[in-house]
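> predicted model and sequence below, questions to follow.
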Amino acid sequence: QVQLVESGGGLVQAGGSLRLSCAASGRTFSNYVMAWFRQAPGKQREFVTYISWSGMTKYADSVKGRFTISRDNAKNTVYLQMNSLKPEDTAVYYCAATRGYYIDYSQYDYWGQGTHVTVSS
(Lines give C-alpha, C1' and ligand atoms only; values in the text may rest on other atoms or scores of the structure.)
Protein backbone atom coordinates (compact mmCIF):
# COMPACT_ATOMS: atom_id res chain seq x y z
CA GLN A 1 0.00 0.00 0.00
CA VAL A 2 0.99 3.57 -0.66
CA GLN A 3 -0.59 6.41 1.28
CA LEU A 4 -0.68 9.83 -0.36
CA VAL A 5 -1.45 13.14 1.31
CA GLU A 6 -1.74 16.34 -0.69
CA SER A 7 -1.34 19.87 0.61
CA GLY A 8 -0.89 23.39 -0.69
CA GLY A 9 -4.22 24.14 -2.28
CA GLY A 10 -6.06 27.39 -1.77
CA LEU A 11 -7.53 30.49 -3.33
CA VAL A 12 -5.42 32.54 -5.73
CA GLN A 13 -6.07 35.27 -8.25
CA ALA A 14 -5.68 34.67 -11.94
CA GLY A 15 -2.05 34.98 -12.94
CA GLY A 16 -0.86 33.86 -9.53
CA SER A 17 1.02 30.78 -8.42
CA LEU A 18 0.59 27.86 -6.05
CA ARG A 19 2.73 24.89 -5.18
CA LEU A 20 1.09 21.60 -4.29
CA SER A 21 2.86 18.86 -2.39
CA CYS A 22 2.11 15.17 -2.13
CA ALA A 23 3.75 13.21 0.65
CA ALA A 24 3.92 9.45 0.18
CA SER A 25 4.38 6.70 2.70
CA GLY A 26 4.29 2.95 2.58
CA ARG A 27 6.01 1.07 -0.21
CA THR A 28 9.14 2.26 -1.96
CA PHE A 29 8.30 5.66 -3.37
CA SER A 30 10.90 5.54 -6.11
CA ASN A 31 9.25 2.47 -7.67
CA TYR A 32 6.22 4.48 -8.70
CA VAL A 33 5.30 6.94 -11.40
CA MET A 34 3.67 9.86 -9.64
CA ALA A 35 0.96 11.94 -11.24
CA TRP A 36 -1.38 14.81 -10.67
CA PHE A 37 -4.97 14.74 -11.86
CA ARG A 38 -7.70 17.29 -11.37
CA GLN A 39 -11.45 17.28 -11.32
CA ALA A 40 -13.60 20.36 -11.76
CA PRO A 41 -17.24 20.37 -10.62
CA GLY A 42 -19.41 18.42 -13.03
CA LYS A 43 -16.45 17.25 -15.09
CA GLN A 44 -14.45 14.06 -15.40
CA ARG A 45 -11.14 13.65 -13.67
CA GLU A 46 -8.41 14.69 -16.08
CA PHE A 47 -4.71 14.06 -16.37
CA VAL A 48 -2.44 16.97 -15.56
CA THR A 49 1.10 15.57 -15.43
CA TYR A 50 3.25 12.65 -14.35
CA ILE A 51 6.88 12.07 -13.44
CA SER A 52 8.90 8.86 -13.40
CA TRP A 53 11.40 7.91 -10.72
CA SER A 54 14.17 9.23 -12.95
CA GLY A 55 12.47 12.53 -13.71
CA MET A 56 10.86 11.85 -17.08
CA THR A 57 7.73 13.98 -17.35
CA LYS A 58 4.59 14.39 -19.42
CA TYR A 59 2.08 17.25 -19.31
CA ALA A 60 -1.41 17.87 -20.54
CA ASP A 61 -1.44 20.48 -23.29
CA SER A 62 -3.61 22.74 -21.15
CA VAL A 63 -0.88 23.15 -18.52
CA LYS A 64 2.28 22.83 -20.60
CA GLY A 65 4.62 25.75 -19.98
CA ARG A 66 2.74 26.83 -16.84
CA PHE A 67 2.94 23.83 -14.51
CA THR A 68 6.05 21.94 -13.42
CA ILE A 69 6.11 18.59 -11.67
CA SER A 70 9.10 17.47 -9.63
CA ARG A 71 9.89 14.83 -7.06
CA ASP A 72 12.27 14.37 -4.19
CA ASN A 73 12.77 10.64 -3.74
CA ALA A 74 14.70 11.17 -0.50
CA LYS A 75 11.70 12.96 1.00
CA ASN A 76 9.06 10.74 -0.66
CA THR A 77 7.39 13.85 -1.97
CA VAL A 78 6.16 15.05 -5.33
CA TYR A 79 5.44 18.68 -6.11
CA LEU A 80 3.34 20.59 -8.60
CA GLN A 81 4.39 24.18 -9.20
CA MET A 82 1.53 26.01 -10.87
CA ASN A 83 2.22 29.40 -12.43
CA SER A 84 0.11 31.77 -14.51
CA LEU A 85 -3.02 30.23 -13.07
CA LYS A 86 -6.31 30.66 -14.89
CA PRO A 87 -9.90 30.38 -13.63
CA GLU A 88 -10.24 27.20 -15.68
CA ASP A 89 -7.55 25.62 -13.49
CA THR A 90 -10.05 25.62 -10.62
CA ALA A 91 -10.50 22.02 -9.49
CA VAL A 92 -9.73 19.46 -6.84
CA TYR A 93 -6.19 18.28 -7.49
CA TYR A 94 -5.31 14.67 -6.75
CA CYS A 95 -1.97 12.98 -6.40
CA ALA A 96 -1.78 9.41 -7.70
CA ALA A 97 0.73 6.60 -8.04
CA THR A 98 1.14 3.69 -10.39
CA ARG A 99 3.86 1.53 -11.93
CA GLY A 100 3.39 2.49 -15.57
CA TYR A 101 3.24 5.57 -17.76
CA TYR A 102 -0.44 6.37 -18.04
CA ILE A 103 -2.67 9.37 -18.57
CA ASP A 104 -5.81 7.34 -17.89
CA TYR A 105 -6.86 7.75 -14.27
CA SER A 106 -8.24 4.21 -14.16
CA GLN A 107 -4.68 2.87 -14.40
CA TYR A 108 -3.61 4.46 -11.13
CA ASP A 109 -3.56 2.29 -8.03
CA TYR A 110 -3.23 4.81 -5.23
CA TRP A 111 -4.85 8.19 -4.66
CA GLY A 112 -4.69 11.02 -2.21
CA GLN A 113 -7.74 12.70 -0.78
CA GLY A 114 -7.37 15.78 -2.99
CA THR A 115 -6.70 19.44 -2.38
CA HIS A 116 -8.86 22.31 -3.62
CA VAL A 117 -7.48 24.96 -5.92
CA THR A 118 -9.65 27.97 -6.72
CA VAL A 119 -8.51 30.61 -9.17
CA SER A 120 -10.52 33.81 -9.15
CA SER A 121 -10.79 36.10 -12.15
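Looks like it came in fine.
> name the SS class of the residue positioned nearest the centre of the chain, please.
When CA atoms, centre = their mean is applied to the chain, the residue found nearest the centroid is residue 36 (2.3 Å). Here residue 36 is recorded as strand under DSSP: H, G, I helix; E, B strand; the rest coil.
> list the residues that contact it.
20, 22, 48-50, 69, 78, 80, 93-96 (CB atoms under 8 Å, 6 or more residues apart in numbering). Yep, even glycine has a C-beta here, placed from its N, CA and C like the rest.
> closest one of these to residue 41?
residue 93 (13.4 Å; CB to CB).
> list the contacts of that closest one.
6, 9, 20, 36-38, 48, 80, 114-117.
> if we can go back for a sec, ok, now how distant is the residue nearest to the centre of the chain from residue 91?
10 Å (CB to CB, to the nearest Å).
> just want the phi and psi numbers for residue 31.
phi -80, psi -10 (degrees, to the nearest 10).
> for residue 107, that is, sorry about that
Dihedral angles (degrees, to the nearest 10) for residue 107: phi -90, psi 0.
> wait, it sits on residue 98?
Yes - contact criterion CB atoms under 8 Å: residue 107 and residue 98 qualify, at 5.7 Å.
> the more surrounded of these two?
Taking other CB atoms under 10 Å, residue 107 and residue 98 do not tie; residue 98 has more neighbours (18 against 14).
> check the closest residue to that one other than its chain neighbours and give its pLDDT.
Sequence neighbours aside, residue 108 is the residue nearest to residue 98 in space, at 4.5 Å (criterion: CB to CB, 6 or more residues apart in numbering). The predicted structure scores residue 108 at 96 on the pLDDT scale.
> can you check residue 27 too?
71.
> same check, this time on residue 111
At residue 111, the pLDDT value in this model is 97.
> check contacts around the closest residue to it other than its chain neighbours.
Leaving out its chain neighbours, the residue that sits closest to residue 111 by CB to CB, 6+ apart is residue 96, at 5.1 Å. Residues in contact with residue 96, defined by CB under 8 Å, 6+ apart, are 4, 34-37, 105, 108-112.
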